[in-house]
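*Asks:* Build me a structure from this.
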Amino acid sequence: MSQFPAGAAIRPEDVRRGFVPTRRFERVSFDSYVPDPRFPSQSAALHRMRSFVSSVAPRKRAWRPFARPQHGRRAIYLDGGYGVGKTHLLAATYHALPNHTRFYLTFADLAYTITRLGIQPTLLAFSTADLVCIDEFELDDVAQTRMASMFLRQLLGHQQVHVVATSNTLPFDLGQGRAVDSRGAGPCIIRETPARGRVV
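*Replies:* Next comes the predicted model:
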């Protein structure tokens, strides 16, 4: 993601334009993900992400003023070691919903955007999304933890928004050793884990 020009007025569409998978992952799919048979949870994660995609409501649907809110899981946290295919699954989830409004960015991109624009303008920019994919989720300090917790809670307040995040860190180990209580961000994202092995 390119940085925003200093001093320029930034519109929501300016924020969202560059949030797409990187070139390396621009053509990946669930079919091209090859789970390592030694780690059954990789196959389980693939199945879960396919199911997650099917649970995202069709974008074009009639407005019903008294419709009940969706109660299914709308957020998933994929953790695992390097090279197990978390980013592949994240990008595949993005590509599996071409008719939906979706954004793909790293946590560093998100942190920069919130710092540059503020929480509320960033929430406004993402409020139209059906899917937000966040790669390399990490919490390094107290301020960042509070920022992430506030942003995700308010973002998921929009009933159509679904979030998938990846991390090399177990959710309750985020910020460990840095005097950070990461539990405030924990409930925002539901953990479902691919094995800590390697994808062939």
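*Asks:* Give me the helices and strands touching the helix or strand where D14 lies, please.
*Replies:* Counting by DSSP states H and E, the element that carries D14 is helix 12-16. Helix 12-16 is packed against helix 119-126, with contacts defined by 3 or more Cβ pairs under 8 Å, 6 or more residues apart in numbering; DSSP states H and E. C-betas here are computed from N, CA, C, even on glycine.
*Asks:* could you redo the last one with a cut-off of 10 Å?
*Replies:* If you count contacts as 3 or more Cβ pairs under 10 Å, 6 or more residues apart in numbering; DSSP states H and E, helix 12-16 packs onto strand 102-106, helix 107-117, helix 119-126.
*Asks:* tell me the secondary structure for R38?
*Replies:* Of the three states, R38 takes coil according to DSSP: H, G, I helix; E, B strand; the rest coil.
*Asks:* Test for you: state the pLDDT assigned to it.
*Replies:* Looking at R38, its pLDDT reads 86.
*Asks:* any idea how far L78 is from it?
*Replies:* 18 Å (Cβ to Cβ, to the nearest Å).
*Asks:* higher neighbour count, the two?
*Replies:* Applying other Cβ atoms under 10 Å to R38 and L78 shows that L78 carries more neighbours, namely 25 against 10.
*Asks:* Secondary structure class of that one, three-state.
*Replies:* At L78 the chain is in strand, as set by three-state DSSP.
*Asks:* In this structure it contacts A91, no?
*Replies:* No: here L78 does not reach A91: they are 11.7 Å apart, not a contact under Cβ atoms under 10 Å.
*Asks:* so what sits against both of the two?
*Replies:* Residues within reach of L78 and of A91 at once, by Cβ atoms under 10 Å, 6 or more residues apart in numbering, are 135, 166.
*Asks:* where are the low-confidence patches of this protein?
*Replies:* 1-12, 57-72, 171-200 (pLDDT under 70).
*Asks:* again, only this time at 80
*Replies:* By pLDDT under 80, the weakly predicted segments of the chain are 1-17, 57-73, 139-142, 169-200.
*Asks:* Could I get the full set of helices for it?
*Replies:* 12-16, 40-55, 86-95, 107-117, 119-126, 142-155 (DSSP state H).
*Asks:* Of those, which is nearest N168?
*Replies:* helix 86-95 (8.1 Å; Cβ to Cβ).
*Asks:* Return the alpha-carbon coordinates of the closest one using CSV.
*Replies:* Provided in CSV are the C-alpha atoms of helix 86-95 (Å, rounded to 0.1, in the frame of the first residue of the first chain):
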residue,chain,number,x,y,z
LYS,A,86,-2.2,-18.9,6.3
THR,A,87,-1.7,-16.1,3.8
HIS,A,88,-2.7,-18.4,1.0
LEU,A,89,-6.0,-19.2,2.8
LEU,A,90,-6.5,-15.5,3.5
ALA,A,91,-6.1,-14.5,-0.1
ALA,A,92,-8.1,-17.4,-1.3
THR,A,93,-11.0,-16.3,0.9
TYR,A,94,-10.7,-12.8,-0.6
HIS,A,95,-10.8,-14.2,-4.2
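*Asks:* tell me what that helix is packed against?
*Replies:* Using 3+ Cβ pairs under 10 Å, 6+ apart: helix 86-95 touches helix 40-55, strand 75-79, strand 102-106, strand 131-135, strand 162-167.
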